[in-house]
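A.B. asks: would you be able to build a 3D model of this:
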Amino acid sequence: MAETAHYSNDLHEALLRKSGQDFWKTWKSKFEHKTSNVMQVDGITDSVLIYEKFAKHFETVCSPLNAKRNNLIKDNYYHELRSQYYDTPITDDQWFDDKLISKLVSGMANGKAAGLDQLSSQQLKYSHPIVICILTN
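C.D. replies: Residues are numbered from 1 along each chain as shown. You can find the predicted model right below:
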């Protein structure tokens, strides 16, 4: 009990002196507990095994699309995501058309990083008009 009062008085005194540095030093010594620097991922603490786990995860997630991966993503969409989607049907005025896509592409900011498809906004803006048709489809 006396220790709590001591810290409370120290905090109070630091506030009265308008000493932010003393206040936060006392606060941290009383209320912030030091934690160990043990890194753990899924119960693994060995840094080499953690590295290998992250490398394997990102290799799988960030791999380029191929026919097999494309089919897996499509199957997941149709069987998992789309089957759970309920809404009103899309009307004719809600469909994308080439004018909308062209307007959106021309409004994109220049100088931004390319996306996963490695295309920058400048490449889309200055590409052949057929690209807009492809994007629309």
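A.B. asks: okay, and for the protein, where does confidence drop off?
C.D. replies: Along the chain, segments meeting pLDDT under 70 span 1-8, 11-12, 14-15, 18-19, 27, 31-38, 61-65.
A.B. asks: let's see that with 90 instead.
C.D. replies: 1-98, 111-124, 126-137 (pLDDT under 90).
A.B. asks: neighbours around residue 124, how many?
C.D. replies: Residues contacting residue 124 under the criterion other Cβ atoms under 10 Å number 19. All C-beta atoms are positioned from the backbone trio N, CA, C, and that covers glycine.
A.B. asks: mind checking the SS state of residue 75?
C.D. replies: Assigned by DSSP: H, G, I helix; E, B strand; the rest coil, the conformation of residue 75 is helix.
A.B. asks: state the distance from it to residue 87.
C.D. replies: Using Cβ to Cβ, to the nearest Å, we find residue 75 at a distance of 21 Å from residue 87.
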